[in-house]
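J.: With the sequence up front, the predicted model follows.
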Amino acid sequence: MKNLIKRNINGSKVLSLFILTNIVYAFMLLVTIPKVMNFSGGMKLLDMLPAGYNARYVKLLFGSLGEKGREVYLFNQIPVDMVYPFLFGITYCLVLAYFLDKLKKLNSPLIYLCLLPVLAGVFDYGENIGIIKMLNSYPNISNILIETTNISTILKSVFTTIYFVVLLVTMLAVGINKLRSRQ
């Protein structure tokens with residue numbers, strides 16, 4: 001893992017991946033999610049509920065979406081969201097590695113923090129697979145499926161939040177080091 005990361009943390013590659021990942025994210029936020037939400041009656045999609053949801057919410061949302069809205073969710077939003085977790089995991093792993101390298105900490109145990117976005121991506125896939133199964137089984141959605149998908153949603157959010165806190169602290173450390181080196 002360490003060698004793979006080291007081979008791929010050059011600035012232009014990391015920047016290119018960062019731009020691509022955020023174009024896909026912006027496309028979801030500006031196009032596919034609003035397209036699905038046009039059918040939701042103002043209810044947030046499961047992907048957008050970092051604190052999770054329960055069976056009642058899922059059934060209300062899917063009922064509110066109607067057949068057409070569920071179809072748009074399944075065939076417009078989910079396909080894009082099946083690309084995004086991969087891009088997120090790889091890109092943000094390399095972004096953190098890039099800054100850890102600037103701190104000369106890439107060969108320390110801190111490199112394992114680079115796995116945080118990969119774990120977030122894995123749980124995002126768990127969430128997406130659960131949503132696909134729920135959309136395909138509606139209205140007969142099992143509570144176990146809802147609960148396991150909800151756990152994936154929450155864990156995706158937890159790992160994403162921890163990652164961005166770690167990234168912020170790392171970037172601050174890089175900035176402080178730059179200031180100190182100039183003095």
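T.: Perfect, thanks for sending it. Residues are numbered from 1 along each chain as shown.

J.: Residue 139 is in contact with residue 55, isn't it?
T.: No. Assessed by C-beta atoms under 8 Å, residue 139 is found out of contact with residue 55, at 11.8 Å. Where C-beta positions appear, they are placed from N, C-alpha and C, glycine not excepted.

J.: These two: who's more crowded?
T.: Between residue 139 and residue 55, counted using other C-beta atoms under 10 Å, the more crowded position is residue 55 (14 against 7).

J.: what's the nearest residue to that one if we skip its chain neighbours?
T.: residue 146 (4.8 Å; C-beta to C-beta, 6 or more residues apart in numbering).

J.: Which positions in the helix or strand harbouring the one you found come out as buried?
T.: Assigned by DSSP states H and E, residue 146 falls within helix 143-182. Within helix 143-182, the residues that count as buried by 16 or more other C-beta atoms under 10 Å are 145-146, 148-150, 152-157, 159-160, 163, 166-167, 170, 174.

J.: One more: stretch 73-83?
T.: Neighbour count says stretch 73-83 has 73, 74, 76, 77, 78, 81 buried, by 16+ other C-beta under 10 Å.

J.: that older thread, so what secondary structure elements neighbour the helix holding residue 146?
T.: helix 55-72, helix 78-102, helix 116-137 (3 or more C-beta pairs under 8 Å, 6 or more residues apart in numbering; DSSP states H and E).

J.: of those, which approaches residue 31 most closely?
T.: With C-beta to C-beta as the measure, helix 78-102 is the member of the helices and strands packed on helix 143-182 nearest residue 31 (8.4 Å).

J.: Any idea how far the closest one is from the middle of the chain?
T.: 9 Å (C-alpha atoms, centre = their mean, to the nearest Å).

J.: what's the average pLDDT for that helix?
T.: Helix 78-102 shows a mean pLDDT of 98.

J.: quick check: angle from that helix to helix 116-137?
T.: 170 degrees (axes from the mean of the first three to the mean of the last three C-alpha atoms, to 10 degrees).

J.: Which other helices and strands does helix 78-102 contact?
T.: Helix 78-102 packs on helix 2-7, helix 11-27, helix 116-137, helix 143-182, going by 3+ C-beta pairs under 8 Å, 6+ apart.

J.: can you put the helices and strands packed on helix 143-182 in a markdown table and add distance to residue 42?
T.: Formatted as a markdown table, those follow (distance: least, C-beta to C-beta, whole Å):
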| stretch | distance to residue 42 |
| --- | --- |
| helix 55-72 | 9 |
| helix 78-102 | 21 |
| helix 116-137 | 19 |
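
J.: Not counting its neighbours along the chain, what's nearest residue 100?
T.: Spatial nearest neighbour of residue 100, chain neighbours left out: residue 106 (4.8 Å); criterion: C-beta to C-beta, 6+ apart.
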